[in-house]
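Visitor: Any chance you could fold what I've pasted below:
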Amino acid sequence: MPILLIFGFFIFLPFHTLCINPQVAPYNPAVTPTSSIEFRGGNDETGYSLKTSIELLKVLNRIWSLEELHAANITLVRDLKRELELARSKIKELARDRHEMEHLMRQLTKDKQGHATAAIQSVRDELEDERKLRKWSEALHRKPAQELYETKTNLVNPIKDLEKEWRSRVLLEDLCDEFAWGIKNYEHELHSLKHVNPDKGNGSSYRSTRDGMILHISESWLDERMQMKQDTTSTKESIVEKLSSELLSG
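Guide: Sure, this is the predicted structure:
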């Protein structure tokens with residue numbers, strides 16, 4: 001146990017009071033110039049002990065000040081640790097939020113890419129369907145056009161033959177008309193001659209019968225031709241001409 005001599009008195013201090021103890025309050029002795037003057041008259045031993053005690057008190061004050069500073073530092077360290085823990089917790093929370101945000105952004109980007117890919121594929125499918133439809137339509141129109149061309153090509157010669165036949169028939173009909181009108185005119189002239197000269201108009205019975213038959217045929221022909229002309233007046237084109245015009249327009 002240390003022994004301290006302060007102001008001429010021996011003070012016994014426990015040893016643990018000299019150690020760092022934050023619960024011990026600092027001791028500030030009231031050392032004034034008057035008190036130091038009062039003890040100047042003492043002997044040298046007493047002055048030396050007083051000086052030693054003052055120095056010891058200064059050391060103790062320094063120790064207690066350091067203990068207080070240490071206690072304050074401990075409190076500050078605790079506060080800093082608590083703030084550090086809060087900061088770590090906040091950083092973890094921010095990191096978790098950032099991770100969730102990045103995951104959400106990746107998901108959104110993936111969804112957008114999926115929608116874009118689906119849209120592109122849909123447009124591509126529509127274009128492919130349109131191309132197939134156009135190709136099928138062209139093939140469908142090409143086939144009737146080819147068939148029509150072949151039909152027209154195959155009908156050209158028959159139409160020409162029909163036109164030739166029709167012209168020949170018209171020519172023959174015209175010749176028959178002229179022949180029938182000639183017979184009829186001849187019969188009128190012969191009938192007129194009979195009235196003028198009865199003897200000159202007489203002939204054999206065979207000739208008369210033959211002439212009557214020819215006259216009957218010619219009159220029947222002329223009557224039939226007149227009826228045909230009346231019927232064809234309403235239809236200005238024949239069947240051959242109508243077919244030819246339809247094929248040429250097609």
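Visitor: element containing Arg142?
Guide: Assigned by DSSP states H and E, Arg142 belongs to helix 44-196.
Visitor: pLDDT on that helix, on average?
Guide: Helix 44-196 shows a mean pLDDT of 83.
Visitor: helices or strands up against it?
Guide: Helices and strands in packing contact with helix 44-196 are listed as strand 3-6, helix 198-201, helix 205-234, helix 239-249; criterion 3 or more Cβ pairs under 8 Å, 6 or more residues apart in numbering; DSSP states H and E. All C-beta atoms are positioned from the backbone trio N, CA, C, and that covers glycine.
Visitor: 6 Å instead, please
Guide: The helices and strands touching helix 44-196, judged by 3 or more Cβ pairs under 6 Å, 6 or more residues apart in numbering; DSSP states H and E, are strand 3-6, helix 205-234, helix 239-249.
Visitor: rank these by mean pLDDT and give me the bottom one.
Guide: The stretch with the lowest mean pLDDT among the helices and strands packed on helix 44-196 is strand 3-6, at a mean of 43.
Visitor: How many neighbouring residues does His191 have?
Guide: The burial metric for His191, expressed as a neighbour count using other Cβ atoms under 10 Å, is 11.
Visitor: List the contacts of it.
Guide: Taking Cβ atoms under 6 Å, 6 or more residues apart in numbering as the criterion, His191 is in contact with no other residue.
Visitor: What separation is there between it and Asp177?
Guide: Separation of His191 from Asp177 (Cβ to Cβ, to the nearest Å) stands at 21 Å.
Visitor: now do His216
Guide: 16 Å.
Visitor: tell me the domain ranges of the protein?
Guide: When the chain is parsed into structural domains using automatic domain parsing, the resulting residue ranges are 3-81, 150-249.
Visitor: hmm, back to that, neighbour count winner among His216 and Asp177?
Guide: Asp177 (16 against 11).
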